[in-house]
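Undergrad: next input, structure requested:
(one chain, ligands or ions: 2)
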Amino acid sequence: MASQNLLLLPGDGIGPEIMQEVKKVIAWFNEKGGMSFETDEGLVGGSAYDAHGQSISEEDMAKAMAADAVIFGAVGGPKWDDVPYEVRPEAGLLRLRKDMQLFANLRPAICYPALADASSLKKDVIEGLDILIVRELTGGVYFGEPKEIIDLGNGQKRGIDTQVYDTYEIERISGVAFELARTRGNKVTSMEKRNVMKSGVLWNEVVTQTHKNGYEDVQLEHMLADAGGMQLVRWPKQFDVIVTDNLFGDMLSDVAAMLTGSLGMLPSASLGAPDGVTGKRKALYEPVHGSAPDIAGTGAANPIAMIASFGMALRYSFEEVAAADKLDKAIANALDKGLRTKDIASPGQTTVSTVEMGDAIIAELD
Ligand code: NAI
Ligand code: MG
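TA: Ligands and ions are numbered 1, 2, ... in the order given. Sure, this is the predicted structure:
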C-alpha cells in the first residue's frame with residue numbers, strides 16, 4: 001500500500017479519549033497489517049476555539065482538504081454555549097463538510113450478534129441486520145433558497161424552506177449507492193415522496209435513469225419515504241442499501257441507527273466526488289454520537305463507533321476490504337467475549353473502560 005495521509009481531528013469532550021484508541025488501531029495496521037498510514041493532527045471545535053478563537057484554523061482546513069481521509073472525533077458542549085454562533089464548535093464540522101463537499105453520508109446499521117438483545121425490536125427482527133443508508137448531505141431543503149421567515153404585516157409570519165434538487169445531485173448520490181450495493185447485497189432502495197413532491201418525481205426519474213446507464217446488474221426498488229420508515233421498523237432485513245435525500249435521510253438514518261442499540265456503536269462516513277485526475281474522493285469519518293460532555297474525562301466512553309469509523313475509512317477510502325472486515329470481526333469478538341462499556345452493559349454487568357475496550361480490540365486483531 002502506498003503511503004496514505006490521515007488527518008486526525010479529535011475535537012473536544014470524549015473526542016480525544018476515543019481518538020487515542022483509534023491511534024492504537026492505526027499503529028497496529030502500520031506495524032502488523034502491512035499498511036502505511038502517516039498521521040497528522042489538528043484542532044477542531046472547542047479545543048480549537050480555546051487555542052485560537054476559531055472552530056477550525058485555515059491551516060487545519062488546508063490539511064483536511066489535502067488529506068486522503070479525515071478522522072474526526074466529536075465537538076460541542078455547554079462550555080462553549082455562549083461563544084458567537086460563527087465560531088461555535090459545531091461550525092468547524094459544518095465548514096469541513098461544506099468545503100470538502102461531502103455530499104454522500106453513509107451510515108451503516110449493523111447488529112453485532114452479542115448485542116442482538118440491546119435493541120428495542122425483537123431479536124429475530126434485527127439479528128444479522130446489515131444495512132447501509134446513503135443520505136444526500138449537501139442539497140435539499142436544508143440549503144434550498146428561499147429560506148427565510150417573512151413578516152406578513154398582519155400579525156402573521158411565514159417560515160419558508162425550499163426543497164431543491166438538480167439532476168447532477170441525484171445522479172451522483174445514486175451512483176454512490178449503486179457502487180456500494182455492488183460491494184454488498186447488490187440491492188438499492190430509493191426513497192422519496194413523488195406522490196406529493198416535484199423534487200420526488202425528479203428524484204425517482206433520475207435514479208431510474210442512472211440505473212439504466214450502467215447499473216442494471218444492481219436490483220433497484222422505489223419506495224415512498226414514509227412507507228420506508230414503516231418498513232425499516234417492521235422488517236429492516238429486506239433492505240441492503242437505501243438512498244434518499246437530505247431530510248428523509250436525516251430521519252431514516254436515525255431510525256435505522258437505533259434499530260441496533262447504542263449511540264456508542266455507530267460509525268459514519270461522509271464522501272465527496274472523485275477527483276477528475278486522481279479518482280480519489282475527499283472523505284471524513286466520524287462516530288454518529290457527539291462529544292458526550294456528561295462522561296468526558298471519566299474513561300466511560302465507548303470507543304467502538306470511533307474505531308468502526310476508521311474501519312469505514314479502510315473500506316471506502318483505501319479499498320482495504322479484508323482489513324476492514326478484520327477490524328469489524330475484532331470488534332465483534334471483543335463483544336462476544338462479554339466486554340461492555342457502560343453504555344452497552346446490561347444492569348449489573350461488569351464494565352470496562354475506554355482504554356480497556358481499545359486494548360481488547362487490539363488483542364483480537366493480534
Ligand atoms: P451525545 O451523542 O454527545 O450524547 C448523548 C448521550 O449518549 C450522552 O448521555 C452520552 O454520554 C452518550 N454517549 C454518546 N457517545 C457515547 C459513547 N461513545 N460512549 C458512551 N456513551 C456515549 O449527544 P448530546 O449530549 O446531545 O450532545 C453533546 C454535544 O455534542 C452537544 O454540544 C452537541 O451539539 C454535540 N454533538 C456533536 C456531534 C458531532 O461532533 N458530530 C454530533 C452530535 C452532537
Ligand atoms: Mg440528525
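
Undergrad: please make it C-alpha for all contacts and neighbour counts, starting now.
TA: Will do.

Undergrad: what helix or strand is the spatially closest residue to T167 that is not a sequence neighbour located in?
TA: Residue nearest to T167 in three dimensions, not counting chain neighbours: V206, with 6.5 Å by CA to CA, 6 or more residues apart in numbering. Assigned by DSSP states H and E, V206 belongs to helix 198-212.

Undergrad: strands paired with the next helix or strand after that helix, and their directions?
TA: Next helix or strand after helix 198-212 toward the C-terminus (DSSP H and E): strand 219-224. Within its sheet, and counting by DSSP bridges, strand 219-224 is paired with strand 187-192 (parallel).

Undergrad: quick one: contacts of the partner strand?
TA: By CA atoms under 8 Å, 6 or more residues apart in numbering, the residues outside strand 187-192 that reach it are 177-178, 181, 200, 203-204, 207, 218-225, 228, 239-245, 248.

Undergrad: what about H52, how many neighbours?
TA: Neighbours of H52 under the rule other CA atoms under 10 Å: 12.

Undergrad: how far away is it from V87?
TA: Separation of H52 from V87 (CA to CA, to the nearest Å): 11 Å.

Undergrad: got it, and R97?
TA: 15 Å.

Undergrad: kindly report the same for L137.
TA: 21 Å.

Undergrad: more crowded one of those two?
TA: The neighbour comparison of L137 against V87 (other CA under 10 Å) goes to L137, with 26 against 18.

Undergrad: any idea how far stretch 146-157 is from the chain center?
TA: Relative to its chain's centre, stretch 146-157 lies at 36 Å (CA atoms, centre = their mean, to the nearest Å).

Undergrad: who's in contact with that stretch?
TA: So stretch 146-157 is contacted by R158, G159, I160, D161, T162 (CA under 8 Å, 6+ apart).

Undergrad: what about the residues you listed, which are in strands?
TA: With DSSP state E as the criterion, strands contain R158, G159, I160 from among those.

Undergrad: got CSV for those residues, with pLDDT, neighbour count and distance to M357 too?
TA: Below are the ones in strands among the contacts of stretch 146-157 laid out as CSV (pLDDT from 0 to 100; neighbours: other CA atoms under 10 Å; distance: CA to CA, whole Å):
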residue, pLDDT, neighbour count, distance to M357
R158, 97, 9, 51
G159, 97, 10, 47
I160, 96, 14, 47
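
Undergrad: point out where the stretch 151-300 of the chain drops to low pLDDT.
TA: Counting by pLDDT under 70, the ranges of the stretch 151-300 of the chain that qualify are 261.

Undergrad: now do the strands in it.
TA: For the stretch 151-300 of the chain, the strands defined by DSSP state E, counting those that start in this stretch cover 157-160, 187-192, 219-224, 241-244, 267-274, 281-287.

Undergrad: among these, which is nearest A116?
TA: Ranking the strands of the stretch 151-300 of the chain by proximity to A116 (CA to CA) places strand 267-274 first, at 17.6 Å.

Undergrad: my guess is M19 contacts M306, does it?
TA: Yes. Using CA atoms under 8 Å, M19 makes contact with M306 at a distance of 7.1 Å.

Undergrad: what touches both of those two?
TA: By CA under 8 Å, 6+ apart, the residues touching both M19 and M306 are G73.

Undergrad: closest to G45 out of the strands of the stretch 151-300 of the chain?
TA: Closest approach to G45 among the strands of the stretch 151-300 of the chain (CA to CA): strand 281-287, 13.7 Å.

Undergrad: for the spatially most central residue of the chain, which non-adjacent residue is spatially closest?
TA: For the chain, the residue lying nearest the average C-alpha position, counting by CA atoms, centre = their mean, turns out to be S268 (1.9 Å). Nearest residue to S268, sequence neighbours excluded (CA to CA, 6+ apart): R107, at 4.9 Å.

Undergrad: show me what contacts I71?
TA: Counted by CA under 8 Å, 6+ apart, I71 has contacts L6, L7, L8, L9, P10, L284, Y285, E286, S309, F310.
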